[in-house]
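1. sequence and predicted structure below; questions after.
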Amino acid sequence: MKSAYELAMERLEKHAPIVTLSEEQKAQIADIDEKCRARIAERKLSLNDQIDEAKTSVNFVEAERLEQELAREIARLEEKCDAEKEKVREQAAKPADDPSSAD
């Protein structure tokens with residue numbers, strides 16, 4: 001008798017088969033992650049300096065606006081990163097003999 005977990009995993013496998021990534025694809029995803037973290041760190045450094053300046057000059061409205069901008073920028077960069085990684089995963093999911101996989 002199968003556990004509920006095993007049954008759920010079987011159902012999940014039918015809807016979204018597990019894809020095994022090649023070493024090259026894993027490296028591509030790691031590179032995308034690294035670039036994304038670097039871009040986020042760059043934006044944080046830039047905007048945190050501006051936020052600190054605004055707080056120092058007691059301009060809390062501007063500081064709040066910059067903090068919101070930073071949050072939006074981070075979300076946008078993470079979304080872009082996730083989309084790029086998903087493209088790599090989709091390539092892995094396509095069969096090698098699938099003519100639609102040729103770009």
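-> On my side now, so go ahead.

2. so which residue is smack in the middle of the protein?
-> Most central in the chain under C-alpha atoms, centre = their mean is Asp82, positioned 2.9 Å from the mean C-alpha point.

3. helix or strand for it, which one?
-> helix 60-93 (DSSP states H and E).

4. buried residues of that helix, list them for me.
-> Ala63, Leu66, Glu67, Leu70, Glu73, Ile74, Leu77, Cys81, Glu84, Lys85, Val88, Ala92 (16 or more other C-beta atoms under 10 Å). For glycine as for every other residue, the C-beta is placed from the backbone atoms N, C-alpha and C.

5. least trustworthy position among these, going by pLDDT?
-> Least confident entry in the buried residues of helix 60-93, by pLDDT: Ala92, with 78.

6. that one: what's it in contact with?
-> With contacts defined as C-beta atoms under 8 Å, 6 or more residues apart in numbering, Ala92 is in contact with Val19, Thr20, Leu21, Ser22, Gln25.

7. which secondary element of this protein has the worst mean pLDDT?
-> helix 4-15 (a mean of 83; mean pLDDT, DSSP states H and E).

8. and the pLDDT for the residue nearest to the centre of the chain?
-> 95.

9. that one and Asn59, how far apart?
-> 34 Å (C-beta to C-beta, to the nearest Å).

10. show me what the helix or strand hosting Lys26 is packed up against.
-> Taking DSSP H and E as the definition, Lys26 sits inside helix 23-56. On a contact count with 3 or more C-beta pairs under 8 Å, 6 or more residues apart in numbering; DSSP states H and E, helix 23-56 meets helix 60-93.

11. can you pull the contacts of the residue nearest to the centre of the chain?
-> Shown in contact with Asp82 (C-beta under 8 Å, 6+ apart): no residues.
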